[in-house]
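Colleague: Here's a sequence, model it:
(one chain, ligands or ions: 1)
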Amino acid sequence: MSRQSGAQVLADMLAGYGVSHVFMVPAVLRRTFAEMERRTSISRIHCHGEKAAAYMADGYARASGKPGICMAQVVGALNLAAGLRDAYLAHSPVIAFTGGRDPKTKFRKVYQEVDDVPAFEPVTKWNATVDAVERFPDMVRQAFRVATSGAPGPVHLQFRGNEGQVDQDEAEMEAQVEAQFAKVPPYRPIPDPQSLAQLLRALQESPKPVIVAGGGVRASGAGAELLQLAEALGIPVATSLNGKDCIPASHPLSVGVVGSYSRESANRVVAAADLVCFVGTSAGGMTTHAWAVPKVGVAALQIDIEPETIGRNYPLKAGVLGDAKVCLSYMLEALDRASAARRTAWLGQVKKFKDEWAEKYRSQLESDAAPIRPERICADLSRYVPEDAIVLSDTGHAGMWMGGMYDVRAGQSFMRSAGHLGWAFPAGLGAKCAAPGRPVVTFTGDAGLWYHIGELETAVRWNIAAVTVVNNNASGNQSKRGFDRAYGGEQTAKARELWTYRMVDLARVASDIGALGIRVEKAGEFRGALEKALGSGRPALIDVATDIEAIAPVAVSS
Ligand SMILES: Cc1ncc(C[n+]2csc(CCOP(=O)(O)OP(=O)(O)O)c2C)c(N)n1
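Modeller: Take a look at the predicted model:
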């Protein structure tokens, strides 16, 4: 032990946990930043807004499995809290540091101060204050432990002082690092053999089962085991939007994303199944189209790392608590391959659902129309995004288009907004920071991009060479259908002011800021633009002029 400042210890601990980037708006923990420069090689990404900083940390975390770190001084704390909500919904390990109140001055109308701590409560797994410098080592260790373990999620630490000035104080202490909690998953809980055997028996006996795989499978790195199990037993696999990259779209047993932002074939398969096995998914409203697909009452099985998730939404024939990779590996050792014969007719029906989907959407996927169809962008992305890419999608229409129409390939990672419009662009920048060697391609609507368009400057300043594809229809046209309904069938012309914008050449905006901006107005030009953007080694924005009348298909329930 030696006498050290909190700043020295915190900088050393972050470096010790393998943190390569932190995302923030100053001024917070200033001495810690000075120590980072002296003692570590951590990049300090200074952003234009705290919410974007949180989304970058979230993208970094989802791309790497390592906690993403974001920070704000006291007045920016609620902006940061807002940005943790998506990470909370998506089970992403983000750690937020903020400046906070000093007991010597609180309740005296300190400039910019309110009590921020309660606002972090609904969006964190752990929300705590660091009031004395001696607590840096144990509190920071606990932050990493909570963020990464079980179902991962955000943590907030508020440091004493509006800028976290407690980091100036000194104490006899040392930086402590538990490497186990530097990455998800730190633990792989082993399942109870009896409940696993019961679950496997039910799965094998079923003539028409389906597996619904979620983000827990990707967090566990269990994609390979999932595929082997599906192949050995002849069981189709649907995924949640968060679990889309658990199985390549080209695999004969892959039926697509099920739920609300989904592919019709997936919903039809899950609706027709006589048994649904949920793996690493909470079977929440988005994945089940508000519990309509499958209907509550279907025979159901569930594997999850979180005990309170098992059986929460569907009464179960068998539930298993454990790590997805471990559970699936144990099942692979015990399974009876001969049982696959039972499912030949079912797989024929599954193929028919898939073929019917492909036939139904072929003309849109191959459309040369101008303005361009979003389905065509998705089809071109499916073909031309490299095998090792990280692909991100925003929510709303972007989630519907990419959830339903994008074919993820083996080796690719797929990440999506868990509901917040505007998440994907900054999250893509964070993902690129985490994985600079991998191509990063983000799909967003123009409404989604406008939220954090200022971060283009951050991307240029740090040369974060992510590629952002904008489905630019000068509107949030996902809302069109809803406003038609609200107006009793047909909107007034004035109603369009509720969901349309000016058409802006976003490629020009990007170029002015110093990024590579490419405007695409003909479908045939998209491939070349994508290749140019990916090859440029610069932050790039492809602004695609798309059809404001193009509305994504709604989910089916049968
Ligand atoms: C934070 C937040 N606010 C509002 C919404 C509601 N919302 C969902 S989609 C959407 C518009 C999407 O527009 P855009 O990204 O341009 O895609 P488009 O619908 O035009 O394809 C809105 C406002 C949301 N999902 N998140």
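Colleague: interface residues of the protein facing the ligand?
Modeller: 394-398, 419-421, 445-448, 471, 473, 475-479 (C-beta under 6 Å from any ligand atom). Yep, even glycine has a C-beta here, placed from its N, CA and C like the rest.
Colleague: So which of these sit within helices?
Modeller: Counted as lying in helices by DSSP state H, out of those, are 397-398, 446-448, 479.
Colleague: what's the closest of these to Ala77?
Modeller: Ala77 lies nearest to Gly448 out of those, by C-beta to C-beta, at 24.3 Å.
Colleague: For the ligand, what is the nearest residue in the stretch 201-350 of the chain?
Modeller: Distance from the ligand to each residue of the stretch 201-350 of the chain (C-beta to the nearest ligand atom) is smallest for Tyr261, at 10.5 Å.
Colleague: To clarify, my last question referred to the stretch 401-550 of the chain.
Modeller: For the stretch 401-550 of the chain, C-beta to the nearest ligand atom, closest residue to the ligand: Gly445, 2.2 Å.
Colleague: Isn't that residue up against Thr395?
Modeller: No - if you go by C-beta atoms under 8 Å, Gly445 and Thr395 don't touch, sitting 9.2 Å apart.
Colleague: Give me the common contacts of these two.
Modeller: Common neighbours of Gly445 and Thr395, using C-beta atoms under 8 Å, 6 or more residues apart in numbering, are Leu421.
Colleague: just the ones in helices among the residues of the chain next to the ligand now: which is nearest Ala119?
Modeller: Once C-beta to C-beta is applied, the member of those that ends up nearest Ala119 is Gly448, at 24.0 Å.
Colleague: right, and the closest one touches Asp394 too?
Modeller: Yes - using C-beta under 8 Å, Gly448 makes contact with Asp394 at a distance of 3.9 Å.
Colleague: Common neighbours of these two, please.
Modeller: 421-425.
Colleague: Let's have the residues you listed in JSON lines, adding pLDDT and neighbour count.
Modeller: Shown next, in JSON lines, are those (pLDDT from 0 to 100; neighbours: other C-beta atoms under 10 Å):
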{"residue": "Leu421", "pLDDT": "98", "neighbour count": "21"}
{"residue": "Gly422", "pLDDT": "98", "neighbour count": "25"}
{"residue": "Trp423", "pLDDT": "98", "neighbour count": "34"}
{"residue": "Ala424", "pLDDT": "98", "neighbour count": "34"}
{"residue": "Phe425", "pLDDT": "99", "neighbour count": "29"}
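Colleague: Quick check: of the residues you listed, which lies closest to Leu498?
Modeller: Closest to Leu498, out of all of the shared contacts of Gly448 and Asp394 and judged by C-beta to C-beta, is Leu421, at 14.9 Å.
Colleague: ok, the closest one - contacts?
Modeller: 394-396, 445, 447-448, 451, 476.
Colleague: for the protein, what are the low-confidence residue spans?
Modeller: Scanning the chain for pLDDT under 70 picks out no residues.
Colleague: what are the ranges of the strands in the stretch 401-550 of the chain?
Modeller: Secondary structure of the stretch 401-550 of the chain, counting by DSSP state E, counting those that start in this stretch: strands at 413-416, 440-445, 467-472, 516-520, 540-545.
Colleague: Ignore what I typed, I meant the stretch 251-400 of the chain.
Modeller: Under DSSP E, counting those that start in this stretch, the stretch 251-400 of the chain gives strands at 254-257, 275-279, 299-304, 318-321, 390-393.
Colleague: Export these as JSON lines, with columns for distance to Cys327.
Modeller: Listed next are the strands of the stretch 251-400 of the chain as JSON lines, based on distance: least, C-beta to C-beta, whole Å:
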{"stretch": "strand 254-257", "distance to Cys327": "20"}
{"stretch": "strand 275-279", "distance to Cys327": "8"}
{"stretch": "strand 299-304", "distance to Cys327": "5"}
{"stretch": "strand 318-321", "distance to Cys327": "6"}
{"stretch": "strand 390-393", "distance to Cys327": "26"}
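Colleague: can I get the ones you listed in TSV with mean neighbour count?
Modeller: As requested, those are exported to TSV (neighbours: other C-beta atoms under 10 Å):
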stretch	mean neighbour count
strand 254-257	30
strand 275-279	26
strand 299-304	25
strand 318-321	22
strand 390-393	30
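Colleague: Of all these, which one comes closest to Ser5?
Modeller: strand 390-393 (36.9 Å).
Colleague: List the contacts of that closest one.
Modeller: With contact meaning C-beta under 8 Å, 6+ apart, strand 390-393 is reached by 59, 63, 381, 385, 399, 401-403, 406, 408, 412-417, 424, 427-428, 431-432, 435, 438-444.
Colleague: how does it look with 7 Å?
Modeller: 59, 63, 385, 399, 402, 408, 412-417, 424, 427-428, 431, 435, 438, 440-443 (C-beta atoms under 7 Å, 6 or more residues apart in numbering).
Colleague: on that earlier part again, does the residue of the stretch 201-350 of the chain closest to the ligand touch Met402 like I think?
Modeller: No - counting by C-beta atoms under 7 Å, Tyr261 does not reach Met402; the two are 8.2 Å apart.
Colleague: can you tell me how far the nearest residue to Tyr111 once chain neighbours are set aside sits from the ligand?
Modeller: Using C-beta to C-beta, 6 or more residues apart in numbering and skipping the chain neighbours, the partner closest in space to Tyr111 is Asn162 (7.8 Å). According to C-beta to the nearest ligand atom, to the nearest Å, Asn162 and the ligand sit 27 Å apart.
Colleague: Could you report the neighbour count for Asn162?
Modeller: By other C-beta atoms under 10 Å, the residues close to Asn162 number 22.
Colleague: Who are the contact partners of it?
Modeller: 73-74, 99, 110, 112-113.
Colleague: coming back round to it: tabulate the strands of the stretch 401-550 of the chain (JSON lines), appending distance to Trp291 and mean neighbour count.
Modeller: JSON lines is the format used below for these (distance: least, C-beta to C-beta, whole Å; neighbours: other C-beta atoms under 10 Å):
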{"stretch": "strand 413-416", "distance to Trp291": "21", "mean neighbour count": "26"}
{"stretch": "strand 440-445", "distance to Trp291": "28", "mean neighbour count": "29"}
{"stretch": "strand 467-472", "distance to Trp291": "30", "mean neighbour count": "28"}
{"stretch": "strand 516-520", "distance to Trp291": "40", "mean neighbour count": "22"}
{"stretch": "strand 540-545", "distance to Trp291": "35", "mean neighbour count": "26"}
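Colleague: what's the closest non-adjacent residue to Glu205?
Modeller: Ser339 (7.5 Å).
Colleague: who has more neighbours, Tyr261 and Met402?
Modeller: Comparing Tyr261 with Met402 by neighbour count (other C-beta under 10 Å), the higher total belongs to Met402, at 31 against 25.
Colleague: distance of the closest residue in space to that one that isn't next to it in sequence from Ala427?
Modeller: Counting by C-beta to C-beta, 6+ apart, the nearest residue to Met402 once its immediate chain neighbours are dropped is Ser393, at 3.8 Å. Distance of Ser393 to Ala427, given as C-beta to C-beta, to the nearest Å: 10 Å.
Colleague: How many residues are close by Tyr111?
Modeller: Look at Tyr111: counted by other C-beta under 10 Å, it has 7 neighbours.
Colleague: Ok, Val408 next?
Modeller: Other residues lying near Val408 total 25 when counted by other C-beta under 10 Å.
Colleague: Contacts only, for it.
Modeller: 244-245, 248-249, 391, 414.
Colleague: One more pass at 6 Å, please.
Modeller: 244-245, 249, 414 (C-beta atoms under 6 Å, 6 or more residues apart in numbering).
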